[in-house]
Structures are given as structure tokens and as C-alpha cells.
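S.K.: A structural model of the following input is requested.
(2 chains)
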Amino acid sequence: NAGVTQTPKFQVLKTGQSMTLQCAQDMNHNSMYWYRQDPGMGLRLIYYSASEGTTDKGEVPNGYNVSRLNKREFSLRLESAAPSQTSVYFCASLRDNGAGELFFGEGSRLTVL
Amino acid sequence: AQRVTQPEKLLSVFKGAPVELKCNYSYSGSPELFWYVQYSRQRLQLLLRHISRESIKGFTADLNKGETSFHLKKPFAQEEDSAMYYCALSGFQGAQKLVFGQGTRLTINP
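M.R.: Numbers count the residues shown, from 1 in each chain, chains lettered A, B, ... in the order given. Purely as a prediction, here's the structure:
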């Protein structure tokens, strides 16, 4: 099984450009998450989705939008990228047994110039 | 609101020495706490959870509700323990929502 797959792994954008980070999981999990990882700030939750068709804001949602396209896929969109969005982005899905085990993707390193 | 604090960004100990990574939390409900680890060139993964009261790779963590802490401990550090460690708190708001601390980079010196 591939687990959680994110694309692209690396991306460089100019300020104001838009892009979408794609995420897919093959474990049939209901809940999916987007985090950003910054030095000294740890992992911060951007958005999450409890199930297909539902999304909720996390700690740092400003400047981002998400789509839960189906049970497998959860995309993160930056409509107008800003240098403050330079980060490593992680997608994760949650095992459905309530035990709190997240499965993470490899991460997407985004640089906004 | 859920909040997790890891006061040490960096921690360096010698091989064979005891290790303690600190984690404090703030949560109004009944907390579920976890430690996640990210080894070099590997994905972030679950190390242990307080509910299981388990020891994984020699690590243990005890939930202290009075001190709102969930420190991670190992009596004898090994070089392969070098990694980034994150403490996480789970609350339920429509979905199980995990909030992470700032992380502690642990380096084990030979």
C-alpha cells in the first residue's frame, strides 16, 4: 500500500501565484488533515475533514482553501501565495479506530519568492 | 482551546544517558496524548499514546493530569533515538483533531 501520497514534493512560486497541493490515501480513512511545519513552530493544523463533503478550519486557515473531493482525496489550495506561506506541508489521514494514529505523507516543500 | 508546549527546541545527550523530553498541555476536556517521531528521511509516525500505557523502543510516557504534563522518558539513550519528537493532544470537534507542540530535536552523541 502507498499509504498517503502527496504531490508535488517541491514547488517554487512567485508571490501572488496560485497552486494546489494534492493528497490521496488508500487506507479508506474518513478523516484527513493538512499541517504546515515551520522551524520553531512545530506542526500547525491548517484544515481538516472528518468525512467526504465536510471541512473545518484548524489553527492557521487564512490564505488557504481545501476540497475533500471524495473519501480518498483532500487538496489544499493557495489562491494568492505569500512569502509567509513558505513551509513544508504535510497531509495526513487518521486510522478510524479512534486511537489517534495519524498516517503522514512525505511532505511538500513550498517556497514563495 | 487545545495547546501543547514543548519547552526545549533542542536536546543533546550522550549515548547511555537518560533522556526526558518535556511536554505540557492545556485542554478543558479529558485529554488524549501522543508522542510522534520523525527520523531522518522518514515520515512522521506515531511512537506511543498514553491510553496504551506501552513502552515503545524503550520509551515511556506518563500522563500527569495534576501537572498537565506528558513527558517522554528513556533510561538509556541510543544513537538511533536521534530524531525530531512531537507531543500531540487530541480533542474531538466533529472529528478527532490533533494539535502538535513545537517539537524537540533530540541528538544522541556517541
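S.K.: What pairs with the least confident helix or strand in chain B by mean pLDDT, parallel or antiparallel?
M.R.: Taking mean pLDDT, DSSP states H and E as the measure, the helix or strand of chain B with the lowest value is strand B:96-100, at a mean of 86. Note on strand B:96-100: by DSSP bridges, its sheet partners are strand B:83-92 (antiparallel).
S.K.: What mean pLDDT does the strand it pairs with get?
M.R.: Averaged across strand B:83-92, the pLDDT comes to 89.
S.K.: what's the following helix or strand after the least confident helix or strand of chain B?
M.R.: strand B:104-109 (DSSP states H and E).
S.K.: How about chain B, which of its residues are in the neighbourhood of chain A?
M.R.: Taking C-beta under 8 Å from any C-beta of the partner chain as the contact definition, chain B meets chain A at B:6, B:9, B:32, B:34, B:36, B:43-46, B:49, B:51, B:86, B:88, B:90, B:93-103. Every residue, glycine included, has its C-beta placed from N, CA and C.
S.K.: Derive a PyMOL selection command for the buried subset of these.
M.R.: Of those, the buried ones go into a single PyMOL selection, burial set by 16 or more other C-beta atoms under 10 Å in any protein chain shown:
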select buried, chain B and resi 6+32+34+36+44+46+49+86+88+90+95+96+97+98+99+100+101+102+103
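S.K.: low pLDDT regions in chain A?
M.R.: A:1 (pLDDT under 70).
S.K.: so A:T20 bridges to which residues?
M.R.: The partner residues for A:T20, given DSSP bridges, come to A:R77.
S.K.: And the residue nearest the centre of chain A, how far from A:L110?
M.R.: The centre of chain A sits closest to A:W34, judged by C-alpha atoms, centre = their mean, with a distance of 2.9 Å. Relative to A:L110, A:W34 is positioned 12 Å away (C-beta to C-beta, to the nearest Å).
S.K.: and for those two, which residues touch both?
M.R.: Shared contacts of A:W34 and A:L110 (C-beta atoms under 8 Å, 6 or more residues apart in numbering or on different chains): A:21, A:89.
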